[in-house]
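*Asks:* predicted structure and sequence below. I'll ask about it afterward.
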Amino acid sequence: MAKEQTGVSDIFRRAQQLARENEGMSLRDLRRKLYDEFKDSPMPPMENLTIPEQDARAPEEDWTAGLSLVRRGIQTEDWREIVNGIALSLDQTQRYESERGRMGQADDWHDRTVGIEGALQKGVSKWMPEELMRMAENAGRKE
């Protein structure tokens, strides 16, 4: 019975789930488990090789570390390459968090609002009416 097609981000989320459920699991075991789970599935589509929620967890160079392997795996239809790439990206993200904490906690240079806060406020004030702005500010204060 054929399995349905899954995207790269779905496979990555599954890897995260497996890693959370089995904290002491080695990368080798994680790769083996992912491979066994997805080997009979259709290849993921090549059009979207991103993992959007990872952008807030680690620098792009960490969470995208394995995406070139994923791409090559899709092109050659090799699930082992895909799984290796996803495991590498997950490992890099987890390692970054364990060594430095979440992005922006330990160092100022990862704060993505630096340099754009003024322009953001100026842009918002141009298109957002004053009364909506006050409502949003009041709602933010209540939290």
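*Replies:* Received it, and whenever you're ready, just let me know what you need. Residues are numbered from 1 along each chain as shown.
*Asks:* any idea how far the spatially most central residue of the chain lies from A15?
*Replies:* In the chain, the residue lying closest to the centroid (Cα atoms, centre = their mean) is Q54, at 2.4 Å. Between Q54 and A15 the distance, using Cβ to Cβ, to the nearest Å, works out to 11 Å. C-beta: built from backbone N, CA, C; applies to glycine.
*Asks:* identify the residues contacting the longest helix along the chain?
*Replies:* If you go by DSSP state H, the chain has its longest helix at helix 79-100. Here helix 79-100 makes contact (Cβ atoms under 8 Å, 6 or more residues apart in numbering) with 8, 11-12, 15-16, 19, 27, 30-31, 34-35, 38-39, 43-44, 51, 54, 57-59, 62-74, 103, 106-107.
*Asks:* out of those, which end up buried?
*Replies:* Buried members of the contacts of helix 79-100, counted by 16 or more other Cβ atoms under 10 Å: 8, 11-12, 15-16, 19, 30-31, 34, 38, 43-44, 51, 54, 58-59, 62-67, 69-71, 73-74, 103.
*Asks:* having no further points to raise, I will conclude here.
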